[in-house]
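Asker: I need the structure of the sequence given here:
(one chain, ligands or ions: 1)
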Amino acid sequence: MGVYCGRWSVVVVRPEAGLVFALDDRCKHRQVPLSRGMVSGTFIRCLLWAMRS
Ligand code: FES
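Answerer: Numbering: from 1, shown residues only. Coordinates of the predicted model:
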């Protein structure tokens, strides 16, 4: 889920196991919003990266 925290866009992730966590809502590679990605196990996968695999 993507949310704004002030001027920052943040993705809040509820993994299949473990604690909820939040990250900057962009991947390090091409700045794609991680909030458009997929939760996989205990991490979130970039949408563009997932489309390539
Ligand atoms: S484009 Fe997001 S990880 Fe490569």
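Asker: Contact distance from the ligand - what residues of this structure qualify?
Answerer: 27, 29, 30, 32, 46, 48, 49 (CB under 6 Å from any ligand atom). All C-beta spots, glycine's among them, are computed from the backbone N, C-alpha and C.
Asker: Just list the residues touching the third one, thanks.
Answerer: Contacts were defined as CB atoms under 8 Å, 6 or more residues apart in numbering; by that measure residue 30 touches residue 48.
Asker: Check the fourth one too.
Answerer: When contacts are counted by CB under 8 Å, 6+ apart, residue 32 touches 26, 46, 47, 48.
Asker: pretty sure residue 27 contacts residue 49?
Answerer: Yes - with contacts counted by CB atoms under 8 Å, residue 27 reaches residue 49, the gap being 7.2 Å.
Asker: Looking at those two, which is more packed in?
Answerer: Neighbour count, other CB atoms under 10 Å: between residue 27 and residue 49, residue 27 has more, with 20 against 14.
Asker: can I get the contacts of residue 32 in TSV with secondary structure, pLDDT and neighbour count?
Answerer: Below are these laid out as TSV (DSSP: H, G, I helix; E, B strand; the rest coil; pLDDT from 0 to 100; neighbours: other CB atoms under 10 Å):
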residue	secondary structure	pLDDT	neighbour count
26	coil	94	15
46	coil	93	19
47	helix	90	16
48	helix	88	14
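Asker: Max pairwise distance over the residues of the chain next to the ligand: which two?
Answerer: Greatest spacing in the residues of the chain next to the ligand, by CB to CB: 30 and 49 (9.0 Å).
Asker: Scan the helices and strands of this protein for the one with the lowest mean pLDDT.
Answerer: Every helix and strand of the chain was ranked by mean pLDDT, DSSP states H and E. The lowest is helix 47-52, at a mean of 75.
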